[in-house]
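In: Give the three-dimensional model of this entry:
(2 chains)
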Amino acid sequence: AQSVTQPDIHITVSEGASLELRCNYSYGATPYLFWYVQSPGQGLQLLLKYFSGDTLVQGIKGFEAEFKRSQSSFNLRKPSVHWSDAAEYFCAVGAGSSNTGKLIFGQGTTLQVKP
Amino acid sequence: SAVISQKPSRDICQRGTSLTIQCQVDSQVTMMFWYRQQPGQSLTLIATANQGSEATYESGFVIDKFPISRPNLTFSTLTVSNMSPEDSSIYLCSVAGTSGRDTQYFGPGTRLTVL
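Out: Down below sits the predicted model:
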């Protein structure tokens, strides 16, 4: 069965520091991978996605993620964190062998940014 | 990307009552989904709302508890029936195109509290 693991429940970084949020997935075929961000009281906003091709994908707000098949990982990175990046981050994998469109989400990582 | 609205944005309900949540999209979409996000938890797919046919429910969710309507390609409703405090969650709808590779866009969510 497909699954997504975000090992870090809570991360705190200083403003201006670099950031890496980890995501590991379990999926038999080539996965469709997504990172979403949820600010307090808000819905989910798509940061970036990977379907195929270049394994380093660029997203909005200066985020990028790298797909590593050998490690079953899709870690999210940002070189310099801003205070407005404080939010909940979810990694998700597209599930189903057909065009079901279903997503399976990880447990989420809460990012706190220190001034 | 699609613009999605949900009504109500939040509600406080009494045990044993039912609440219907509306999801409206500004364009025609093939796939619509309903998710639940329990307090401090990740998102769990409740069902896929199919236009013109019954919804497809995930394991652990049943039609009697969460009836869903999808009368057209831009609108869907989710009813939470015979509510208990355990139903207190954020309910989100999402939409996608025709392919399982299509990105899902999420509505702002409905925050439900059951007393």
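
In: For A:Asn75, give me the pLDDT.
Out: Per-residue confidence at A:Asn75 stands at 98 (pLDDT).

In: Residues of chain A that sit close to chain B?
Out: A:32, A:34, A:36, A:42-46, A:49, A:51, A:90, A:94, A:96, A:98-108 (CB under 8 Å from any CB of the partner chain). C-beta coordinates here come from the backbone N, C-alpha and C atoms, glycine included.

In: pLDDT score assigned to the nearest residue to A:Gly94 once chain neighbours are set aside?
Out: Leaving aside its sequence neighbours, A:Gly94 sits nearest to A:Tyr32 (CB to CB, 6 or more residues apart in numbering or on different chains; 3.2 Å). For A:Tyr32, the model assigns a pLDDT of 88.

In: Now A:Tyr32, what are its backbone angles?
Out: Main-chain dihedrals, A:Tyr32, degrees, to the nearest 10: phi -100, psi 120.

In: Hmm, A:Lys49 and it touching each other?
Out: Yes - applying CB atoms under 8 Å, one finds A:Tyr32 in contact with A:Lys49, separated by 7.2 Å.

In: Show me what counts as buried in whichever helix or strand A:Leu47 is part of.
Out: Counting by DSSP states H and E, the element that carries A:Leu47 is strand A:44-50. Across strand A:44-50, burial judged by 16 or more other CB atoms under 10 Å in any protein chain shown covers A:Leu44, A:Gln45, A:Leu46, A:Leu47, A:Leu48, A:Lys49, A:Tyr50.

In: So what sits opposite the first one in the bridge?
Out: On DSSP bridges, the residues paired with A:Leu44 through beta bridges are A:Gln38.

In: all strands of chain A, in order?
Out: A:3-5, A:10-14, A:19-21, A:24-26, A:32-38, A:44-50, A:56-58, A:64-68, A:73-78, A:87-94, A:103-105, A:109-114 (DSSP state E).

In: Including distance to B:Asp64, could those strands go into CSV?
Out: As requested, those are exported to CSV (distance: least, CB to CB, whole Å):
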stretch, distance to B:Asp64
strand A:3-5, 28
strand A:10-14, 37
strand A:19-21, 39
strand A:24-26, 32
strand A:32-38, 30
strand A:44-50, 28
strand A:56-58, 42
strand A:64-68, 40
strand A:73-78, 37
strand A:87-94, 28
strand A:103-105, 25
strand A:109-114, 35
